[in-house]
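Trainee: Mind folding the following:
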Amino acid sequence: MKKFFLLTLVVVALLLSVNNVKAQKEKPLKIGIVDVEMIVKELPEAMEADKKLQELAQTFRDSLLSIEKIFAGKMEQYNKQKTMMNLEQQKKEEESLQQIQIEYQKFQQEKLGAQGELAQTREKLLAPIREKVRSAIQSVAKKETMNFVLDKASPMLLFAEDQFDITFSVMDLLKRGIK
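Mentor: Sure, this is the predicted structure:
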């Protein structure tokens with residue numbers, strides 16, 4: 001993260017130095033700073049989405065706790081009766097306990113994993129909010145004739161004028177071979 005911040009700082013410094021050279025011929029570069037986190041915290045729809053996500057996460061945690069209690073109860077019962085069971089009964093009970101553990105892990109992954117239901121719901125709820133914020137940043141940047149807008153809390157570039165996009169020049173150089 002520090003590397004991204006330093007990289008962003010270097011890019012801004014380079015742009016400012018280029019701006020000083022061209023300042024007499026062109027309009028000066030304008031860079032804006034936005035605290036996206038603060039903006040999102042103030043949006044009612046973001047607060048509502050956060051509340052829904054917290055409730056959903058709590059529901060999933062409660063379900064996991066229920067599975068844990070079932071497992072603990074069966075494990076305790078198994079340990080008490082283990083000496084009175086024959087090998088076949090012990091094996092059957094151990095498989096039953098193993099199945100509960102597998103069910104627990106599967107539920108945890110399906111609901112709370114990186115691609116789980118909670119993550120998908122978060123993305124579904126937050127995507128329109130992100131788009132709304134991005135659109136507002138872009139509108140203000142254009143109105144204020146900003147060339148670049150950076151996020152205050154992270155080293156992210158949120159807006160850049162198209163004239164500063166050098167993607168195709170870099171691709172062209174790479175295709176021709178760097179000399």
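Trainee: and Gln77, what is it in contact with?
Mentor: By CB atoms under 8 Å, 6 or more residues apart in numbering, the contact set of Gln77 is empty. In this view, the C-beta of every residue, glycine as well, is placed from N, C-alpha and C.
Trainee: That one: which element?
Mentor: Assigned by DSSP states H and E, Gln77 falls within helix 44-81.
Trainee: Give me the mean pLDDT for that helix.
Mentor: Computed over helix 44-81, the mean pLDDT rounds to 94.
Trainee: That helix: which residues count as buried?
Mentor: Ala46, Ala49, Leu53, Leu56, Phe60, Ile67, Phe71, Tyr78 (16 or more other CB atoms under 10 Å).
Trainee: chain center to that helix, what's the gap?
Mentor: In terms of CA atoms, centre = their mean, to the nearest Å, the centre of helix 44-81 is set 23 Å apart from its chain centre.
Trainee: and Ala75, how far is that from Gln98?
Mentor: Careful, residue 75 is Met; it's not Ala. 11 Å (CB to CB, to the nearest Å).
Trainee: which residues of this protein fall in helices?
Mentor: 2-22, 36-42, 44-81, 87-112, 117-143, 167-176 (DSSP state H).
Trainee: Next one: Ser169 relative to Arg176, how far apart?
Mentor: 11 Å.
Trainee: same question, Ala49
Mentor: 47 Å.
Trainee: can you check Gln89 too?
Mentor: 74 Å.
Trainee: Centre of the chain to stretch 69-89, how far?
Mentor: The answer for stretch 69-89 is 42 Å, by CA atoms, centre = their mean.
Trainee: pLDDT at the residue in the chain sticking out farthest from the centre, what is it?
Mentor: Within the chain, the residue lying farthest from the chain centre (CA atoms, centre = their mean) is Met84, at 51.9 Å. pLDDT recorded at Met84 is 90.
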